[in-house]
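*Asks:* need a 3D model of the following:
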Amino acid sequence: MDIPESARAGVRKYLGDEADIFISKVDERLLRYGALWRLNDLSFMPTDTVNFLFSCVSALYGPCVLKMCIPGPETATEIGCLRAYNGRGYVKLWDYSLTDDMMLLEKVKPGDQMWAVKDYRERARLMGERVKDLPIAWDGRGDYPTYRSWMEGIRAKLVGMGGLEEPVGLLDEAYAIYDGLKQTYDRDCLLHGDLHQENMLLNTSGGYTVIDPKGVVDDPVMETARFLMNETPCEGQKIFDMVKIMSPIIDIPEADILKSMYIDAALSHCWTLEEFYDTPELFMENKRRALETIKFVKGLLKK
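*Replies:* Numbers count the residues shown, from 1 in each chain. Here you go, the predicted model:
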């Protein structure tokens, strides 16, 4: 299978020296799992992710997507999350191999991302309706992160990198806000953890099917945060408008939705500070943009 160089470059950036080993296994795995799952008409699907996706038709399941994941713990949490939901609002997982990081997934049709809805107010309404009854209680099975463990992990990395007192301080503020929310929102549910416009695809019923979960255990108050972050950069009023629409649908006060957004802003943008750390000029620009975004969301809490 001919893999575009842009996709190969993404894997090399993520896996470094191990990328060539991963790429070298593509053809052998396509043959093996193609035979196992009786796949035909395989074609590479260009995406923004570092995983390799292939459109195909299975004699067992019909139109499918074959997902070849880069090695890492997120493969197990994604599989665990999809198995737990078993097609309830999420894409159906037909089969998988944890050994080889392979998944065979239902192909969602027509598959338009929520970005195809041009009115941001309508996107907010659709998001609210999608997540209103989506989260399920965690049954205690599986080794999933929490937002707390994510924040603790990235804080330790930033401290180890040194010279990042300002982003560490903003992350600490997010941690305090998170602890405050947990006084009210303390359910242990299995959440997506990265639910945004690209991860909700239009289905044949006119609703949206959720794909690509990270798998995280926490309260549903956190589930809309990444969606809102994906709408930035923008004017603050746009976020207020969207939150006002979503709040009565998901039955969470506007102020608490904004707090969850700040937690996600600090977490996700502090995460990016590892990138370009060894390239000072690029690192400083990345740091500037990260701090600008975090402070923008922090400012929304004061209005």
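
*Asks:* could you pull out the helices for this protein?
*Replies:* 5-15, 19-24, 26-36, 73-85, 120-131, 147-161, 165-182, 225-229, 236-250, 254-271, 280-300 (DSSP state H).

*Asks:* who wins for proximity to A137 among the ones you listed?
*Replies:* Nearest to A137, of all these, is helix 73-85, at 9.8 Å by Cβ to Cβ. In this view, the C-beta of every residue, glycine as well, is placed from N, C-alpha and C.

*Asks:* helices or strands up against that closest one?
*Replies:* strand 93-97, strand 102-106, strand 189-191 (3 or more Cβ pairs under 8 Å, 6 or more residues apart in numbering; DSSP states H and E).

*Asks:* mind listing what's buried in the first one?
*Replies:* Same thing as strand 93-97. Neighbour counts over strand 93-97 (16 or more other Cβ atoms under 10 Å) mark 93-94, 96-97 as buried.

*Asks:* and these as a markdown table, adding pLDDT?
*Replies:* Output for the buried residues of strand 93-97, formatted as a markdown table (pLDDT from 0 to 100):
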| residue | pLDDT |
| --- | --- |
| L93 | 98 |
| W94 | 98 |
| Y96 | 98 |
| S97 | 97 |
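
*Asks:* which of the residues you listed lies closest to R123?
*Replies:* Looking across those and measuring by Cβ to Cβ, the closest to R123 is L93, at 26.4 Å.

*Asks:* ok, the closest one touching A84?
*Replies:* No: counting by Cβ atoms under 8 Å, L93 does not reach A84; the two are 10.0 Å apart.

*Asks:* which of the helices of the chain sits most buried?
*Replies:* helix 225-229 (a mean of 24; mean count of other Cβ atoms under 10 Å).

*Asks:* could you say what helices and strands that one packs with?
*Replies:* With contacts taken as 3+ Cβ pairs under 8 Å, 6+ apart, helix 225-229 sits against helix 236-250, helix 254-271.

*Asks:* can you rerun that using 10 Å?
*Replies:* For helix 225-229, the helices and strands in contact under the criterion 3 or more Cβ pairs under 10 Å, 6 or more residues apart in numbering; DSSP states H and E are helix 120-131, helix 236-250, helix 254-271, helix 280-300.

*Asks:* compare those helices and give me the one nearest F52.
*Replies:* helix 254-271 (23.0 Å).

*Asks:* and the angle for that closest one with helix 120-131?
*Replies:* Counting by axes from the mean of the first three to the mean of the last three Cα atoms, to 10 degrees, helix 254-271 lies at 90 degrees to helix 120-131.

*Asks:* quick check: mean pLDDT of helix 254-271?
*Replies:* Helix 254-271 comes out with an average pLDDT of 97.

*Asks:* may I have it as CSV, with CA atoms only?
*Replies:* Taking Å, rounded to 0.1, in the frame of the first residue of the first chain, the C-alpha atoms of helix 254-271 are listed here in CSV:
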residue,chain,number,x,y,z
GLU,A,254,-22.9,28.6,32.0
ALA,A,255,-20.2,29.5,34.5
ASP,A,256,-19.3,25.8,35.1
ILE,A,257,-19.1,25.1,31.4
LEU,A,258,-16.6,28.0,31.1
LYS,A,259,-14.6,26.7,34.0
SER,A,260,-14.3,23.3,32.3
MET,A,261,-13.1,25.1,29.2
TYR,A,262,-10.4,26.9,31.1
ILE,A,263,-9.2,23.6,32.6
ASP,A,264,-9.0,22.1,29.1
ALA,A,265,-7.3,25.3,27.7
ALA,A,266,-4.5,25.1,30.4
LEU,A,267,-4.1,21.4,30.0
SER,A,268,-4.1,21.1,26.2
HIS,A,269,-1.9,24.1,25.6
CYS,A,270,0.6,23.3,28.3
TRP,A,271,0.8,19.9,26.7
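
*Asks:* for L191, what are its contacts?
*Replies:* Taking Cβ atoms under 10 Å, 6 or more residues apart in numbering, we find L191 in contact with 81, 131, 134-136, 138, 144, 146-147, 213-223.

*Asks:* if we go to 8 Å?
*Replies:* 135, 213, 215-218, 220, 222-223 (Cβ atoms under 8 Å, 6 or more residues apart in numbering).

*Asks:* rewinding a little: quick one: closest of the helices of the chain to C56.
*Replies:* Closest among those, using Cβ to Cβ: helix 26-36, at 7.7 Å.

*Asks:* now find how far off-centre that closest one is within its chain.
*Replies:* In terms of Cα atoms, centre = their mean, to the nearest Å, the centre of helix 26-36 is set 27 Å apart from its chain centre.

*Asks:* now do stretch 163-183
*Replies:* For stretch 163-183, the distance from its own C-alpha centre to the chain's C-alpha centre is 21 Å (Cα atoms, centre = their mean).

*Asks:* and the average pLDDT for that stretch is what?
*Replies:* Mean pLDDT, stretch 163-183: 97.
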